[in-house]
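Colleague: can't give you the sequence, but here's the structure:
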């Protein structure tokens, strides 16, 4: 079986094309940004709060299509001023790094709200959640928020392993074609 990150990439793929503008809201080691680049997108905005991780990942990626910010993803609306085709979040902490530095429920929900406003019609957002001890409350808050989204404006789906407690899972959101603010 594929990992939830791989499933998230499959979910996002229909929104990707050579003119696509994407957001990796949790850059980390760059797996999602590398995926976007492998799909031939035009531009990727990436957010990472840990300077050393951001610098190491950008050296590894070395691609002028990536514009990275050492800021929290909740600030995206102050840095991105164009419609987004696809966006991904991997909540929690950066693998092989300090687990005490992790995403927080309040700023994560705020970032999702701002991201949905930036998303184009038919644009897609993938939320990969890891309900480990510190991430359970965050996952609950995110689920509560996305469940409140209007079904006439958004399609929201969930993909998870039902027979393993606390396994990572994916929430996929697509902004509907007829969306009007």
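Modeller: Yes, it's here. Quantities reported herein were computed from a predicted structural model and do not represent experimental measurements.

Colleague: which residues of this structure fall in helices?
Modeller: Along the chain, the stretches classed as helices by DSSP state H are 4-12, 31-38, 51-61, 105-118, 136-147.

Colleague: looking at the ones you listed, which is closest to residue 71?
Modeller: Closest to residue 71 of these, according to CB to CB: helix 51-61, at 9.7 Å. Backbone N, C-alpha and C define where each C-beta goes, glycine included.

Colleague: ok, and for the closest one, which residues are buried?
Modeller: Buried residues in helix 51-61, counting neighbours by 16 or more other CB atoms under 10 Å, are found at 53-54, 57-58, 61.

Colleague: show me how far that helix is from its chain's centre.
Modeller: Centre-to-centre, helix 51-61 and its host chain are 18 Å apart (CA atoms, centre = their mean, to the nearest Å).

Colleague: ok so, going back, the helices of the chain: which one's closest to residue 161?
Modeller: Distance to residue 161, taken as CB to CB, is lowest for helix 4-12 among the helices of the chain, at 8.7 Å.

Colleague: pull out the buried residues from the closest one.
Modeller: Here helix 4-12 shows 4-5, 7-9, 11-12 as buried, counting by 16+ other CB under 10 Å.

Colleague: can you redo these as JSON lines with distance to residue 32?
Modeller: JSON lines is the format used below for those (distance: CB to CB, whole Å):
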{"residue": "4", "distance to residue 32": "12"}
{"residue": "5", "distance to residue 32": "7"}
{"residue": "7", "distance to residue 32": "12"}
{"residue": "8", "distance to residue 32": "8"}
{"residue": "9", "distance to residue 32": "8"}
{"residue": "11", "distance to residue 32": "12"}
{"residue": "12", "distance to residue 32": "9"}
